[in-house]
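Engineer: Give the three-dimensional model of this entry:
(one chain, ligands or ions: 1)
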Amino acid sequence: MEEKMKLIVNGKRLDGRNFEELRPIEMRLDMVSRANGSAYVRFGSTIAIASVFGPRELFPRHLQQPETGIIRCRYNMAPFSVEERKHPGPDRRSIEISKVTRLALEPTIFLEDFPKAGIDVYIEILQADGSTRVAGINAASLALTDAGIPMRDLVAACSVGKIDGHIAVDLAGDEDKNSEADIAFAMLPSKGKVTLLQMDGILTKQELKEALKLAKESCKKIYESQKQILKEKYRKVE
Ligand code: ADP
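Structural biologist: Numbers count the residues shown, from 1 in each chain. Next up is the predicted model:
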């Protein structure tokens, strides 16, 4: 059997981080001029771009709901985003991630204000180094805001997991692959509502509590970065 990769050396993670430390975050708005709103989010070398189109009349028409708008999400990993070329197009993983992304975003949007309309969210992963679904959700939340869509709150997301026996946040690719457990987590930070919670692997009850506490604290940090980038945009407009 292949020997398991060591993820903690001298009390630090492979990239020198502490357990509760996020990778360097970069966020930008207005990335895709044809979209109504768009955003770029980088966590270390994981890069996601989200574009939002709508609310607009929904086609095909049979999907239209007389009482509410709907949101559709597509998560896509570029073939060049990983070391070995990824087969282009949707697969089981991307279909699942598209669905959970929609569920993570849906509760924050005032969809009832847009009967018969649709909002399309396209997430493109340009570089994948772990935690891509949560990077995509952070980007999508910014892009929805950038599109001026009325929302109850932003959505902030992060991953947490257990690596070499320690609970740690924002798993990079090698950490994800070799983790004992990993969790994808999203929440509406000012409302305190959790909108995504997925877990692979096994944790004790105590470890799960610790992981969720770390995820919540980390989402608050991400939320601050999201707010800052949005404020900068509107400061420019003034
Ligand atoms: P997430 O990216 O949200 O953590 P997964 O746990 O499914 O979702 O994937 C973990 C990581 O595994 C990805 O971020 C990426 O670095 C890597 N990965 C996923 N799919 C592929 C693939 N087809 N080829 C190579 N690496 C991949």
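
Engineer: Contact residues of this structure facing the ligand?
Structural biologist: Applying CB under 6 Å from any ligand atom, we find that the chain lies next to the ligand at 82, 86, 93, 128-133, 159, 173, 176, 184. (C-beta placed from N, C-alpha, C; glycine too.)

Engineer: Quick one: those residues as JSON lines, columns for secondary structure and pLDDT too.
Structural biologist: Below are these laid out as JSON lines (DSSP: H, G, I helix; E, B strand; the rest coil; pLDDT from 0 to 100):
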{"residue": "82", "secondary structure": "coil", "pLDDT": "97"}
{"residue": "86", "secondary structure": "coil", "pLDDT": "96"}
{"residue": "93", "secondary structure": "helix", "pLDDT": "98"}
{"residue": "128", "secondary structure": "coil", "pLDDT": "98"}
{"residue": "129", "secondary structure": "coil", "pLDDT": "98"}
{"residue": "130", "secondary structure": "coil", "pLDDT": "98"}
{"residue": "131", "secondary structure": "coil", "pLDDT": "98"}
{"residue": "132", "secondary structure": "helix", "pLDDT": "98"}
{"residue": "133", "secondary structure": "helix", "pLDDT": "98"}
{"residue": "159", "secondary structure": "strand", "pLDDT": "98"}
{"residue": "173", "secondary structure": "helix", "pLDDT": "97"}
{"residue": "176", "secondary structure": "helix", "pLDDT": "97"}
{"residue": "184", "secondary structure": "strand", "pLDDT": "98"}
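
Engineer: how about CSV for those, with distance to residue 209 and neighbour count added?
Structural biologist: Below are those laid out as CSV (distance: CB to CB, whole Å; neighbours: other CB atoms under 10 Å):
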residue, distance to residue 209, neighbour count
82, 33, 15
86, 35, 18
93, 28, 12
128, 29, 21
129, 28, 22
130, 23, 23
131, 21, 29
132, 26, 26
133, 23, 25
159, 17, 28
173, 26, 18
176, 21, 18
184, 17, 25
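
Engineer: out of those residues, who's nearest residue 220?
Structural biologist: residue 159 (15.3 Å; CB to CB).

Engineer: list the contacts for that closest one?
Structural biologist: Residue 159 is in contact with 130, 131, 134, 169, 170, 171, 176, 182, 183, 184, 185, 215, counting by CB atoms under 8 Å, 6 or more residues apart in numbering.

Engineer: In contact with the closest residue to it other than its chain neighbours: list those residues for me.
Structural biologist: Leaving aside its chain neighbours, residue 159 sits nearest to residue 131 (4.1 Å; criterion: CB to CB, 6 or more residues apart in numbering). Residue 131 sits next to 43, 46, 158, 159, 170, 171, 172, 176, 184 when contact means CB under 8 Å, 6+ apart.

Engineer: Check which element follows the host helix or strand of the third one along the chain.
Structural biologist: Element membership of residue 158 [criterion: DSSP states H and E] is strand 156-163. Of the helices and strands lying after strand 156-163 in sequence (DSSP H and E), the nearest is strand 166-169.
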